[in-house]
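Visitor: Kindly return the folded structure for what I paste below:
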Amino acid sequence: MRTPRLRVLALAAALLLGLTACGGQDDDTKTDAGAAGADAGQFPVTIEHALGTTVVPDKPKRVATVNWANDEVPLALGVVPVGMAKANFGDDDGDGVLPWTEDRLKELGAKTPVLFDETDGIDFEAVADTRPDVILAAYSGLTAQDYETLSEIAPVVAYPEAAWATPWRDIIRLNSKAIGLADEGDELIGDLEGQITKTVAKYPQIKGKSAMFMTHVSSKDVSEVGFYTTHDTRTQFFTDLGMKIPASVSGPSKDTKKFVLTKSAERIDDFNDVDVVTGYGDDKGELLGALKSDPLTSKLTAVEQGSIYLLPGSTPLATAANPTPLSIPYVLDDYVKALAAAADKAA
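Guide: Residues are numbered from 1 along each chain as shown. Modelled structure (predicted):
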């Protein structure tokens, strides 16, 4: 089921007044990524990241994005990519475009860009066919080989430190800088922070509550409990909401760069410092039922007191628990409301 329609960002509305941004796949409709105020004098732009140093020599006119969510930065700022990754999770109508992205394209009066099918990895040929001036991948899992191959096509912006670990603010900062819209990117960050503050204020019961994001747990086998570490954006987002990361999550995170760790259910008591547990469930509630009926996981404090909320399947709401520029305002109230309902049951 769809959540309420994405509110038009005030910043985006302002940008639209002076912007021409059409999603093009040919020379007559190519996107001008500098139309929203970028001065050609800002270039060349140099960006340091985990896979090297990227120099964008000129103001990009054709922007391509690969991997998850990178398309949302130019779109939020009024720039339509010539190509972007096809959505493979949370796509509620099967068209390869997430609902908040679909809404944004409609707001811009733009056609859907070329969609890169990344089921078996990046489709380098498809990316090359869009003839990009820059490739955005600040949030991604690029390997060194991926980066090298993409760099033969156009300058590539990779993640700053680790794969799949870029906070949403840095996704915006890096990608917006690469297209000459750094100031607008900062404004977008401020706008989203304001929306978060306003929403959280409606649910004071979550303030200070410790939270864990459970993952990779099957209803058929709950002998191990997986959880996202502090390197993952889902866990990081709890702090944006005024919640805390418990020692049972932050402690093990210090000794690894992994974004997921597992622990035997025999040590389920280690998680008794968690007030609220969320994670990916299923539409039929089978996982929650398995956790409640298992002799070990049923002893988890959050399970015993009912302060656990599992996001339904691969719905847009579940998808947006991983915060991105367009998904945050799209599901923010629904997500915080659900966490608040769980927090109400926490001791």
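Visitor: Residue 114 - how many residues pack around it?
Guide: Residues lying near residue 114 (other C-beta atoms under 10 Å) number 19. The C-beta positions use only the backbone N, C-alpha and C, and glycine is treated the same way.
Visitor: thought it was touching residue 86?
Guide: No - counting by C-beta atoms under 8 Å, residue 114 sits too far from residue 86 to count as a contact (9.4 Å).
Visitor: Return, as residue ranges, the portions of this structure with sub-threshold pLDDT.
Guide: 1-41 (pLDDT under 70).
Visitor: For residue 274, see how far away the residue of the chain most remote from its centre is.
Guide: In the chain, the residue that sits farthest from the middle, by C-alpha atoms, centre = their mean, is residue 295; the gap is 34.8 Å. Counting by C-beta to C-beta, to the nearest Å, the separation of residue 295 from residue 274 is 19 Å.
Visitor: cool, and residue 143?
Guide: In terms of C-beta to C-beta, residue 143 sits 34 Å off from residue 274.
Visitor: From the neighbour counts alone, determine which of these two ranks first.
Guide: residue 274 (25 against 13).
Visitor: Quick one: list the elements packing against the longest helix belonging to the chain.
Guide: Longest helix in the chain by number of residues (criterion: DSSP state H): helix 182-200. Helix 182-200 makes packing contacts with helix 10-16, helix 168-178, helix 327-343 when contacts are defined by 3 or more C-beta pairs under 8 Å, 6 or more residues apart in numbering; DSSP states H and E.
Visitor: which residue ranges form the strands in the stretch 151-300 of the chain?
Guide: 156-157, 211-215, 224-228, 260-264, 276-280 (DSSP state E, counting those that start in this stretch).
Visitor: partners of the third one in the sheet?
Guide: So the one you mean is strand 224-228. strand 211-215 (antiparallel), strand 260-264 (antiparallel) (DSSP bridges).
Visitor: between that strand and strand 276-280, how many degrees?
Guide: Strand 224-228 and strand 276-280 are oriented at 90 degrees to each other (axes from the mean of the first three to the mean of the last three C-alpha atoms, to 10 degrees).
Visitor: what does strand 224-228 rub up against?
Guide: 212-217, 234-235, 249, 259-265, 268, 271, 279, 297 (C-beta atoms under 8 Å, 6 or more residues apart in numbering).
Visitor: could you flag which of those are buried?
Guide: 212-215, 217, 234-235, 249, 259, 261, 265, 268, 271, 279, 297 (16 or more other C-beta atoms under 10 Å).
Visitor: From those, pick the one nearest residue 51.
Guide: Checking the buried ones among the contacts of strand 224-228 against residue 51 with C-beta to C-beta, the nearest one is residue 259 at 17.4 Å.
Visitor: which one is the closest one nearest to, not counting chain neighbours?
Guide: residue 232 (4.0 Å; C-beta to C-beta, 6 or more residues apart in numbering).
Visitor: repeat for residue 328
Guide: Counting by C-beta to C-beta, 6+ apart, the residue nearest residue 328 is residue 192, at 5.5 Å.
Visitor: Residue 313 now?
Guide: residue 283 (4.6 Å).
Visitor: Count the residues that sit near that neighbour.
Guide: Residue 283: 9 neighbours (other C-beta under 10 Å).
Visitor: do you know how far it is from residue 314?
Guide: 9 Å.
Visitor: picking that back up, what's the offset of the longest helix of the chain from the middle of its chain?
Guide: Centroid separation for helix 182-200 versus its chain: 15 Å, with C-alpha atoms, centre = their mean, to the nearest Å.
Visitor: and it with helix 327-343, angle?
Guide: Using the same axes, to 10 degrees: helix 182-200 against helix 327-343 is 20 degrees.
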